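S.K.: this is a predicted model, with the sequence first.
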Amino acid sequence: MKYIISTFIIVLSMLMFHLTDALQTKECTVCHVSHSGGPVKKPLTELCVTCHKERIQEGEHVVDIIPKYQVPQNFPLTKDGKLTCITCHDQHSKEPMMLRLEPMTLCNSCHKK
Ligand code: HEC
Ligand code: HEC
Ligand code: HEC
Ligand code: HEC
């Protein structure tokens with residue numbers, strides 16, 4: 001019985017590992033229609049929020065608004081000028097939090113004191 005349980009746990013953790021591993025190695029079709037990149041499956045915010053619903057709750061940073069002022073060039077906006085999740089997050093980054101800059105610098109880039 002002990003043996004069965006530990007085998008079960010090992011198999012389960014291997015499955016979990018492969019799941020997270022697929023994302024860590026950025027399985028392209030998680031977001032893209034095809035394996036080679038190209039178009040993404042949904043409009044940007046909608047895409048990210050499919051899996052990160054908590055990130056559009058109250059208290060989170062606003063998205064899908066057009067900044068009233070010029071934001072620095074290294075922060076991508078959509079074609080129609082909207083701020084999205086990938087304005088702050090680099091969608092292909094392997095860094096923790098996938099941020100374009102370290103938090104303090106990030107915030108201060110747009111919010112000057
Ligand atoms: C977490 C979601 C996500 C994953 C996983 C992902 N991408 Fe992307 N990718 C995006 C988004 C979002 C964009 C920007 C699309 C836009 O601006 O409309 C993008 C843009 C691109 C572009 C256009 C140039 C660029 O870098 O902006 C290429 C090429 C690309 N991805 C290839 C890939 C490949 C190849 C993989 C797998 C190794 C991959 N992507 C995995 C979300 C993802
Ligand atoms: C203005 C910049 C900014 C925007 C816009 C933004 N984020 Fe973030 N995000 C951050 C920062 C900074 C952190 C790290 C600190 C924290 O957890 O709040 C973070 C953390 C995260 C995390 C990691 C949470 C954890 O604890 O592991 C996820 C997932 C995430 N953001 C998803 C999103 C999604 C999805 C969107 C769009 C709906 C989004 N973010 C929009 C700045 C931003
Ligand atoms: C198919 C589901 C899925 C989609 C779509 C998706 N993510 Fe994630 N994302 C995950 C999972 C799973 C993790 C890893 C577990 C965790 O940290 O929550 C993750 C982790 C993250 C993290 C935290 C990384 C860390 O080091 O903690 C950020 C930031 C993030 N995603 C942003 C985005 C953004 C921005 C988009 C849209 C371009 C996006 N995600 C689209 C599932 C997804
Ligand atoms: C790419 C530019 C950009 C970055 C980076 C950025 N912000 Fe913002 N932020 C905005 C815009 C645009 C608004 C909408 C209100 C405005 O025009 O000031 C906003 C609004 C806010 C608000 C709400 C203020 C209000 O008047 O309702 C807070 C709080 C905030 N940001 C905090 C942060 C924090 C914390 C960070 C770093 C994690 C950050 N921002 C990074 C552009 C940015």
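M.R.: Now that the structure is in, tell me what you want to look at. Numbers count the residues shown, from 1 in each chain. Ligands and ions are numbered 1, 2, ... in the order given.

S.K.: quick one, strands of this protein?
M.R.: Secondary structure of the chain (DSSP state E): strands at 32-34, 37-40.

S.K.: closest to ligand 2 out of those strands?
M.R.: Closest of the strands of the chain to ligand 2 is strand 37-40, at 13.1 Å (criterion: Cβ to the nearest ligand atom). In short, each C-beta sits where N, CA and C put it, glycine included.

S.K.: buried residues in that closest one?
M.R.: Val40 (16 or more other Cβ atoms under 10 Å).

S.K.: columns distance to ligand 1 on top of the strands of the chain, output as JSON lines?
M.R.: Formatted as JSON lines, these follow (distance: least, Cβ to the nearest ligand atom, whole Å):
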{"stretch": "strand 32-34", "distance to ligand 1": "5"}
{"stretch": "strand 37-40", "distance to ligand 1": "3"}
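
S.K.: as a markdown table, the ones you listed with mean pLDDT would be great.
M.R.: Listed next are these as a markdown table, based on pLDDT from 0 to 100:
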| stretch | mean pLDDT |
| --- | --- |
| strand 32-34 | 95 |
| strand 37-40 | 94 |
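
S.K.: closest one to ligand 3 among those?
M.R.: Once the strands of the chain are compared by Cβ to the nearest ligand atom, strand 37-40 is nearest, at 7.3 Å.
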